[in-house]
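Enquirer: Below are the sequence and a predicted model; questions follow.
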Amino acid sequence: MKHRVERHAEGLAAALLVLAGVLGCARPSTLFVPPAASVAIVPAPADASPPPVFAPAPAPVDSAPLAPEPPPPPSVSLADARRILFADDASAPTCADASIAAAVHCFLAARYSSDPRAAAVATSLYDATGDVAGLSSAETMEGGFRGVLHLVPELPVGARRKHLEWVASSVTDYDDFFQRLTEGVPQLPRYRWHALSLRFMRSVGRTTPSAYAEGWSIAYNVDGSLNTSRDAVRELLFHEIFHLNDSAHGDWSKPALGPIFDGLIARCHASTACLRPYAPSSTLVRGGTYYAFQPNNGDAVHEYAAELAIRYYEEERAILHGEPPLPRFKCGPTENGRAWTLLVNEFFGGIDRTPPCP
């Protein structure tokens, strides 16, 4: 099953943005644990086998059991990198280099040959994160309450290079965020934001969707109505990346948050006034209600969960950067606190650096 999503948020001056987009899901995959200061969890001691009867006693070893080897970090294969950058274009360079990284560098240089500055950004992004920034395929899609949308590939070069730069800046911010968030904690979050396929496109005659996510891939609209600033893109991508992780956790949000979400909808239906205390953000759909609860938007509990993830990111980020704290969502109605705790424990290692509620 394929879902697609797009989120519109208010501007920094609290100006309302028009929201549209589609939900994205991903197949489960090995999750990446970023490098960060941490204390390893010590597993239960393993049974020790006695030495052979006629063999010399083994040399003394540390009595503490060895921690299991971490899984290798995820990566974009060379074949996938070629498809992301050239699709089925027969003119793609051969790039038969000695290593995958060198071959991907070759592909990037060829694809971004019209804009050396964009090529440098895309190459640096790949070297730092394993993300490959390429192109979406042309498609016509049903966007729920947004109607039918026609999407075409569009490379972020020239005047649109800023979108590639904003995406790269966002990933750098996530690296810093998780490094600060996990400092000194014993359990790292089961969360992945590296080794993604970043596919750039535009919507013909429209500004929606701003982005959608599926299969460890994010499609990004260079004409998206939300994609107007570095901070707006930073929030948008966190929303989309959460969808990928939600899917990789077995579509966690539906069974975990579904009862809370369904109860709120049964109580409020689509009433903006009734839903206001429960909305993780103030994002509204034109002619509708809060994006987290908007009808005809796929299975909307996924959007509620992704908006809640952004709220967590923004509240924790403010604390970690020593900025004025944001209002604590968890300290609102009982449903807010329950949803917050469930999400934090599942995706962020139970780490909550915001102050407790009174």
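Expert: The structure has been received and is ready for your questions. Numbers count the residues shown, from 1 in each chain.
Enquirer: residue boundaries of the strands in the chain?
Expert: Ranges of strands in the chain, per DSSP state E, are 132-135, 139-142, 148-153, 197-203, 211-214, 217-221.
Enquirer: So, low pLDDT: which residues of the stretch 201-350 of the chain?
Expert: Within the stretch 201-350 of the chain, no range satisfies pLDDT under 70.
Enquirer: let's see it at 90
Expert: 205-209, 225-226, 282-287, 296-299 (pLDDT under 90).
Enquirer: Please enumerate the helices of the stretch 151-300 of the chain.
Expert: With DSSP state H, counting those that start in this stretch, the ranges of helices along the stretch 151-300 of the chain come out as 161-181, 230-248, 253-268, 272-275.
Enquirer: Now do stretch 253-267: everything it contacts.
Expert: 246, 274-275, 278, 293, 299-302, 304-305, 308, 335, 338-339, 342-343, 346 (Cβ atoms under 8 Å, 6 or more residues apart in numbering). In this view, the C-beta of every residue, glycine as well, is placed from N, C-alpha and C.
Enquirer: which residues touch the spatially most central residue of the chain?
Expert: Per Cα atoms, centre = their mean, the C-alpha nearest to the average position across the chain is that of I241, at 1.3 Å. Residues near I241 by Cβ under 8 Å, 6+ apart: Y174, R192, W193, L196, A213, I218.
Enquirer: What is the burial count for the last one?
Expert: Right, I218. I218 is flanked by 25 other residues according to other Cβ atoms under 10 Å.
Enquirer: just checking, it touches L237?
Expert: Yes - counting by Cβ atoms under 8 Å, I218 touches L237, with 6.8 Å between them.
Enquirer: Mutual contacts of those two, please.
Expert: Both I218 and L237 are contacted by A211, under the criterion Cβ under 8 Å, 6+ apart.
Enquirer: and the nearest residue to T341 once chain neighbours are set aside, how many neighbours?
Expert: Counting by Cβ to Cβ, 6 or more residues apart in numbering, T341 lies nearest to K330, which is 7.3 Å off, once chain neighbours are set aside. Counted with other Cβ under 10 Å, the neighbours of K330 add up to 19.
Enquirer: Does K330 touch P355 like I think?
Expert: No - using Cβ under 8 Å, K330 makes no contact with P355, being 10.1 Å away.
Enquirer: returning to what we had before: which residues does the residue nearest to T341 contact?
Expert: N336, G337, W340, T341, D352, T354, C357.
Enquirer: Tell me which two of the contacts of I241 sit farthest apart.
Expert: Spanning the widest gap among the contacts of I241 are Y174 and A213, at 14.6 Å by Cβ to Cβ.
Enquirer: When those two are compared, which one has more neighbours?
Expert: Neighbour totals were compared for Y174 and A213, and A213 leads with 31 against 20 (other Cβ under 10 Å).
Enquirer: Do I have it right that that one meets A248?
Expert: No - in this structure, A213 is not within contact of A248 by Cβ under 8 Å, at 11.3 Å.
Enquirer: picking that back up, and the contacts of stretch 253-267, which are buried?
Expert: With neighbours counted by 16 or more other Cβ atoms under 10 Å, these contain buried members at 246, 275, 278, 293, 299-302, 304-305, 308, 335, 339, 342-343, 346.
Enquirer: What separation do you get for K254 and D299?
Expert: To D299, K254 is 6 Å away according to Cβ to Cβ, to the nearest Å.
Enquirer: same check, this time on Y278
Expert: Y278 sits 17 Å away from D299, going by Cβ to Cβ.
Enquirer: And for A306?
Expert: 12 Å.
Enquirer: K162 too?
Expert: Applying Cβ to Cβ, the value for K162 to D299 is 33 Å.
Enquirer: Sweet, I'm off.
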